[in-house]
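Engineer: Sequence below, structure please.
(one chain, ligands or ions: 1)
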Amino acid sequence: MTERTFPIKIGLEIHGYLDTHEKLFCMCKTNGDEKPNSRICPICTGTPGSKPMAPNIEAIKKVIQIALIFKSRINYSNIAWQRKHYNWADNPKGYQTTISGAHATTNAIGGKFKGINLTELHLEEDPAQWNPDSGKINYNRSGLPLIEIVTEPEFSDSEQVVEWLKSLLLTLSYIKAVRKNAGIKVDVNVSTYGERVEMKNLNSLEKIKKAINYEIARQVENYEKGVVQTRDTLAFDEKLGKTIKMRSKEGATDYRFISDPDLPLIKIDKKLTNEIKAKLPEMPEVKLEKLLKLHKVGEKDAKILTKNLELVEFFEELVKNDIANGLPWVTVELLRILNYNKKTLEDEDVEILPEHLAELIKAVEDGKITKLKGKQIMNDFIPKSFSLAEHKGEVSNIDKTAIENLCRQVISENEKVVSEYQGGKTASLNYLIGQVMRLSERRADFRTAGDCLKEMING
Ligand SMILES: [Zn+2]
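Structural biologist: Have a look, this model is predicted:
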C-alpha cells in the first residue's frame with residue numbers, strides 16, 4: 001500500500017430557498033398550492049414574449065441579511081443580472097438568470113461561518129422541476145429565489161460538512177431568510193490527489209454524507225492503483241450508493257454568460273443595509289447563552305429550545321409574563337400537543353399565544369385548576385389558544401365534599417379493585433384515583449382524592 005501524502009479538501013455550493021412570498025421576477029406565490037403547475041405565469045414558464053418584472057426586493061433584502069450574518073463584503077453597485085445559458089427540459093428560456101458567472105459582480109464576497117471561509121454569495125432563480133422518468137415538468141419551482149453560498153474548500157470529512165450545514169440551516173432559519181422545510185440543494189466538490197470532482201444536486205444531509213464518503217474512498221483507491229483523476233462532474237446514485245460520471249467539467253465559458261438586457265443593474269442602498277443590520281435577531285449561540293446564564297435553563301432543555309426560534313421566543317414570552325416554572329410546559333407539554341397534531345409553531349394555522357399559556361400555568365400554580373385539567377385544556381389550544389375566561393365553567397377545582405362523594409361512588413362501583421388494594425396491591429389505589437379524576441372531569445385534586453380514598457377504605 002502506498003502512503004497517502006495528500007490532504008482531503010471539500011468545498012460546498014449551497015442553494016437555499018429564500019423565504020419570500022413571491023417568486024423572483026413575477027408575482028406567483030412561492031408556496032401554498034402544491035398541485036403541479038398551479039403557481040405559474042407566462043414569466044416563470046418562459047413563454048416567448050414574456051419579460052421579467054423588476055426583481056423581488058424581499059429576496060434582495062434576505063441576501064443582504066445573510067451577508068451581514070457572515071460578515072461578507074457586500075457589493076453596493078454595478079450588480080448585473082447574468083444569463084447563464086443551457087438547454088435542458090427544466091429551463092424553457094434557454095438560460096437561468098443569476099448574479100454569478102464570468103463577468104458578474106456577485107452580491108457579496110468573503111465572510112466566514114463557524115470557522116469556514118466563504119468565497120461569495122449570490123442570488124439566482126430556480127429552474128423548473130423535470131422528472132426524467134415521466135417527462136413531466138412542474139413549473140411551481142421555476143423562478144423561486146435561491147441564495148447560493150459558496151465556501152472555500154476547507155472541510156476535510158463528511159461529518160464536519162454535515163454538522164456545519166446543520167448549524168448553517170439553523171442560523172438561516174433564525175433570521176427567517178431561508179425556508180427550512182423547502183430543503184437545500186448542495187453541490188459538493190472533493191479533491192484529494194488529482195483534479196477536483198464535483199457532485200451535483202445533493203438534496204439531503206444523509207445523501208451528502210454518503211456521497212462524500214463514497215467519493216473519498218473511490219479516489220483513494222484510484223490513487224493506489226495509479227489512476228489519473230480528471231476534473232469531472234458526477235451524480236450520486238443513492239440506490240447504487242455510488243457516484244456516476246455525468247461529464248468532464250466544462251469551463252465557465254460553456255454557459256455563454258451575458259448580462260441580461262431586460263433587467264436593470266442593482267444598486268444597494270447603504271441606508272437599507274444599516275436598517276437590516278439593526279433588525280437582525282439574536283443568533284442561536286446568543287440565545288443558548290441567555291437560556292443557560294440568564295434563565296438558568298439546563299443544557300439539555302436549552303438545546304431543545306434553541307433548535308427552533310419560535311420555541312425559544314415562546315419560552316422568553318412566558319418569562320416576560322412572570323412565569324418562573326414554565327420550562328416543562330414548553331419543552332414537554334407544548335411539544336407534546338404540537339407533535340401529536342403533527343404541527344409546529346411556524347405553521348400558519350397554529351396560533352398558540354404565550355399569554356394564554358401563562359394564564360393557564362398561573363391557574364395551576366394558584367391551585368385553581370389541577371395540573372391534569374391544565375394539560376387537558378392545553379390539548380384544545382390547537383389550532384388557536386384561548387383565554388381561560390372563555391372556559392370559566394371548567395376552571396375551578398371541585399370542593400372536598402364533592403370529592404368525597406365521588407370517592408364513595410368509586411369504592412362502591414369497584415369492589416374487586418378495593419379488595420385487591422386491601423390485600424396489599426398498592427397500585428390499585430392509582431386506578432381508583434384515576435376513576436375519581438375521570439368522574440370529576442379532572443377537576444378533583446388528585447392528592448385529596450388519594451387521601452380520601454385511603455381514609456374510606458382503611459376506615
Ligand atoms: Zn410566475
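Engineer: could you pull out the helices for the stretch 1-150 of the chain?
Structural biologist: 57-70 (DSSP state H, counting those that start in this stretch).
Engineer: can you list the weak-confidence ranges in it?
Structural biologist: Flagging of the stretch 1-150 of the chain using pLDDT under 70 yields the residue ranges 1-4.
Engineer: likewise the stretch 151-300 of the chain?
Structural biologist: Applying pLDDT under 70 to the stretch 151-300 of the chain flags the ranges 248-253.
Engineer: and if we set it to 90?
Structural biologist: Within the stretch 151-300 of the chain, the ranges that satisfy pLDDT under 90 run 173-176, 179-184, 194-196, 201, 224, 226-256, 281-282.
Engineer: Show me what residue of it gets nearest to the ion.
Structural biologist: Sorted by distance to the ion under CB to the ion, the residues of the stretch 151-300 of the chain start with Asp262, at 14.9 Å. (Each C-beta comes from the backbone N, C-alpha and C, glycine too.)
Engineer: How about the contacts made by Gln422?
Structural biologist: Listed by CB atoms under 8 Å, 6 or more residues apart in numbering, the contact partners of Gln422 are Ile457.
Engineer: For Ile403, see how far away it is.
Structural biologist: In this view, Gln422 and Ile403 are 21 Å apart by CB to CB, to the nearest Å.
Engineer: Would you mind writing the CA trace of stretch 96-106 as PDB?
Structural biologist: Output of stretch 96-106 as PDB, limited to C-alpha atoms (Å, rounded to 0.1, in the frame of the first residue of the first chain):
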ATOM      1  CA  GLN A  96     -31.100  30.800 -16.000                       C
ATOM      2  CA  THR A  97     -31.000  34.300 -14.500                       C
ATOM      3  CA  THR A  98     -28.300  34.600 -11.900                       C
ATOM      4  CA  ILE A  99     -25.800  37.100 -10.300                       C
ATOM      5  CA  SER A 100     -22.900  34.800 -10.900                       C
ATOM      6  CA  GLY A 101     -20.600  33.900 -13.800                       C
ATOM      7  CA  ALA A 102     -17.600  35.100 -15.700                       C
ATOM      8  CA  HIS A 103     -18.500  38.800 -15.800                       C
ATOM      9  CA  ALA A 104     -20.600  39.100 -12.700                       C
ATOM     10  CA  THR A 105     -20.200  41.200  -9.600                       C
ATOM     11  CA  THR A 106     -21.800  38.900  -7.000                       C
END
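Engineer: gap between it and the chain center?
Structural biologist: 28 Å (CA atoms, centre = their mean, to the nearest Å).
Engineer: what's the answer for stretch 146-154, then?
Structural biologist: The answer for stretch 146-154 is 19 Å, by CA atoms, centre = their mean.
Engineer: for stretch 54-63, same thing?
Structural biologist: How far stretch 54-63 lies from its chain's middle: 21 Å, per CA atoms, centre = their mean.
Engineer: For it, which residues meet the burial criterion?
Structural biologist: If you call a residue buried by 16 or more other CB atoms under 10 Å, then stretch 54-63 has these buried ones: 55-56, 59-63.
Engineer: elements contacting the longest helix belonging to the chain?
Structural biologist: Of all the elements of type helix in the chain, the one with the most residues (DSSP state H) is helix 205-225. For helix 205-225, the contact count by 3 or more CB pairs under 8 Å, 6 or more residues apart in numbering; DSSP states H and E identifies helix 158-174, strand 184-191, strand 197-202, strand 232-237, strand 242-248 as packing neighbours.
Engineer: Many thanks, I have nothing further to ask.
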